[in-house]
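# next input, structure requested:
(one chain, ligands or ions: 1)
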Amino acid sequence: MELKANHTSLLAETATLTRTRSRLGTPSTLSCSPTGGSTFLHGPSLTIPRKKNGVLDDVRSNGWLDAMRSSSPTHKKISMDVGHGVASSEADAAYLTWLLEFPSALSSFEQITNCAKGKKIALFLDYDGTLSPIVDNPDRAYMSDKMRAAVKSVAEYFPTAIISGRSREKVHEFVGLTELHYAGSHGMDIIGPLRESVSDNHPNCIRSTDKKGKEVNLFQPAADFLPMIDEVRMLLVECIRDIKGAKIENNKFCVSVHYRNVDEENWDLVAQRVYDIMKDYPHLRLTHGRKVLEVRPVIDWDKGKAVTFLLESLGLNDDDDVLAIYIGDDRTDEDAFKVLSEVNKGFGILVSSAPKESNAVYSLCDPSEVILVFISYLRELMKIS
Ligand SMILES: O=P(O)(O)OC[C@H]1O[C@H](O[C@H]2O[C@H](CO)[C@@H](O)[C@H](O)[C@H]2O)[C@H](O)[C@@H](O)[C@@H]1O
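Residues are numbered from 1 along each chain as shown. Presented below is the predicted three-dimensional model:
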């Protein structure tokens with residue numbers, strides 16, 4: 001494949017750059033980890049700010065504006081100096097260096113397929129920035145027909161779940177495939193296959209029916225917070241009404257405060273208004289996504305826990321021969337990457353076109369590469385898993 005060859009040669013180009021740094025979180029103990037160690041690259045042109053391991057950033061403790069500015073960094077696809085095969089900018093060089101630590105899943109075909117041999121594969125997918133490109137209007141973050149067809153194909157062979165920060169209903173509507181499992185509100189609203197042992201283990205898990213009338217397990221660990229979340233959402237709508245470009249999104253058990261379309265000079269105003277409301281709600285906390293502040297209940301639940309819950313629901317949690325692959329682009333996906341490496345049940349693939357610290361093992365540049373992964377791996381994985 002052209003892309004694969006391209007990545008390999010790009011990596012070779014950067015092999016001369018020498019750096020060392022330690023990987024965020026625990027090093028993967030999975031035998032197919034490409035690095036298998038705890039060194040991380042650090043060079044003259046690449047400095048990545050350190051974060052606490054696996055802890056979601058609290059916007060305020062990190063400095064409001066710094067966190068808001070650094071969220072959602074982007075970098076255009078690598079441009080090469082034609083004929084010389086060298087990176088044409090400092091940003092390109094930094095990205096290529098980063099690829100040494102987080103190799104492209106496209107150029108790691110052999111490693112990944114070796115790792116999958118004889119394993120039951122389960123696939124977990126984030127939505128925004130992973131299946132759909134990041135766009136200015138969150139209501140129009142559609143996924144392409146090509147992506148939908150690719151997801152549909154993989155879901156025919158491997159249990160596949162979407163785990164999104166959006167409300168479950170909304171992300172289901174965007175994806176439009178009934179054969180998948182869906183977890184919305186950062187995993188706080190899950191519909192999974194009916195399994196009694198799961199409802200026995202999780203007191204909030206109840207038997208319900210899905211849109212087609214099929215019996216399912218419904219798990220909403222933050223259900224008690226709903227009135228409070230609704231109240232805060234209405235306050236937030238009011239308080240940002242006069243800030244041009246600011247937008248509130250109802251994600252059922254979470255609320256998103258979007259500032260992507262707000263002039264940068266007003267970002268501190270958005271942050272201040274949100275904080276003024278949040279300070280009266282100690283049972284809610286604020287996390288940070290890509291140009292979005294996310295209000296959510298203070299409960300010990302995240303996308304990592306949602307992955308474990310779904311593996312349990314699929315009857316795959318106690319199996320040693322399971323390979324769970326999670327593809328995501330945002331900070332909340334890090335909890336899932338971390339869980340998989342900790343329990344040695346799989347690995348994360350980070351979708352990012354700019355260097356970032358991560359608990360993932362592999363990377364992809366953008367959703368177009370996610371499609372390529374689905375297409376290029378499917379046939380091989382069907383044969384060997
Ligand atoms: O877990 P995810 O599915 O990735 O959800 C995280 C947030 O995604 C959406 O916002 C992001 O995508 C928008 C559309 O491309 C973009 O406009 C926004 O700036 C991004 O932050 C979603 O709208 C949020 O509610 C989710 O929290």
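
# pLDDT score for residue 67?
pLDDT recorded at residue 67 is 75.

# oh sorry, the question was meant for residue 157
Reported pLDDT for residue 157: 93.

# just give me the neighbour total for the closest residue to it other than its chain neighbours.
Distances taken as CB to CB, 6 or more residues apart in numbering put residue 382 closest to residue 157, at 5.4 Å, once the chain neighbours are dropped. Glycine gets a C-beta too; all of them are placed from N, C-alpha and C. Residues near residue 382, counting by other CB atoms under 10 Å, number 14.

# three-state assignment of residue 382?
helix (DSSP: H, G, I helix; E, B strand; the rest coil).

# what about it, distance to the ligand?
As for residue 382, its distance to the ligand is 27 Å (criterion: CB to the nearest ligand atom, to the nearest Å).

# measure that residue to residue 222 for me?
37 Å (CB to CB, to the nearest Å).

# next SSE after the helix or strand bottoming out on mean pLDDT in the chain?
Lowest mean confidence among the helices and strands of the chain (mean pLDDT, DSSP states H and E): helix 2-14, at a mean of 34. Downstream of helix 2-14, the next assigned helix or strand under DSSP states H and E is helix 64-70.

# is that following helix in proximity to the ligand?
No: judged by CB under 6 Å from any ligand atom, helix 64-70 stays clear of the ligand, getting no closer than 11.5 Å.

# what helices or strands is that helix leaning on?
helix 267-278 (3 or more CB pairs under 8 Å, 6 or more residues apart in numbering; DSSP states H and E).

# quick check, pLDDT for the residue nearest to the spatial centre of the chain.
Among the residues of the chain, the one closest to the centroid is residue 328, at 2.7 Å (CA atoms, centre = their mean). On pLDDT, residue 328 comes in at 98.

# now do the contacts for it.
124-126, 129-130, 163, 303, 336-337, 348-351 (CB atoms under 8 Å, 6 or more residues apart in numbering).

# could you do residue 74 as well?
134, 353-354.

# out of these, who's nearest residue 216?
Distance to residue 216 across these (CB to CB) is lowest for residue 134, with 30.7 Å.

# so what's that closest one scoring on pLDDT?
pLDDT, residue 134: 97.

# that's a helix at residue 182, yeah?
No: read with three-state DSSP, residue 182 is strand and lies in no helix.

# then residue 375 would be within a strand, right?
No: per three-state DSSP, residue 375 lies outside any strand segment and is helix.

# look up how far residue 111 lies from it.
Taking CB to CB, one finds residue 375 at 18 Å from residue 111.

# ok, back up a step: isn't the residue nearest to residue 157 up against residue 153?
No: counting by CB atoms under 8 Å, residue 382 stays clear of residue 153, with 9.8 Å between them.

# which positions in the chain make contact with the ligand?
Counting by CB under 6 Å from any ligand atom, the chain sits next to the ligand at 126-129, 134-136, 138, 141, 164-166, 249, 251, 256, 258, 260, 289-292, 294, 330, 332.

# wait, what's in contact with residue 263?
By CB under 8 Å, 6+ apart, the neighbours of residue 263 are 244-245.

# repeat that with 7 Å
Applying CB atoms under 7 Å, 6 or more residues apart in numbering, one finds that residue 263 lies in contact with residue 245.

# looking at it now. What's its pLDDT?
Reported pLDDT for residue 263: 97.

# pLDDT weak spots in the stretch 101-250 of the chain?
Across the stretch 101-250 of the chain, nothing is flagged by pLDDT under 70.

# go with 80
211 (pLDDT under 80).

# could you pull out the strands in it for me?
With strands called from DSSP state E, counting those that start in this stretch, the stretch 101-250 of the chain shows them at 120-125, 160-163, 181-184, 189-193, 205-209, 215-219, 247-250.

# as a markdown table, these with mean neighbour count would be great.
Converted to a markdown table, these look like this (neighbours: other CB atoms under 10 Å):
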| stretch | mean neighbour count |
| --- | --- |
| strand 120-125 | 22 |
| strand 160-163 | 25 |
| strand 181-184 | 24 |
| strand 189-193 | 23 |
| strand 205-209 | 14 |
| strand 215-219 | 19 |
| strand 247-250 | 18 |
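
# quick check: which of the ones you listed is nearest to residue 227?
strand 247-250 (13.8 Å).

# partners of the next helix or strand after the closest one, with directions?
The C-terminal neighbour of strand 247-250 among helices and strands, as given by DSSP H and E, is strand 255-258. Looking at strand 255-258 with DSSP bridges, its partner strands are strand 247-250 (antiparallel), strand 292-297 (antiparallel).

# can you add distance to residue 268 and give the strands of the stretch 101-250 of the chain back as a markdown table?
Output for the strands of the stretch 101-250 of the chain, formatted as a markdown table (distance: least, CB to CB, whole Å):
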| stretch | distance to residue 268 |
| --- | --- |
| strand 120-125 | 34 |
| strand 160-163 | 31 |
| strand 181-184 | 30 |
| strand 189-193 | 32 |
| strand 205-209 | 41 |
| strand 215-219 | 38 |
| strand 247-250 | 17 |
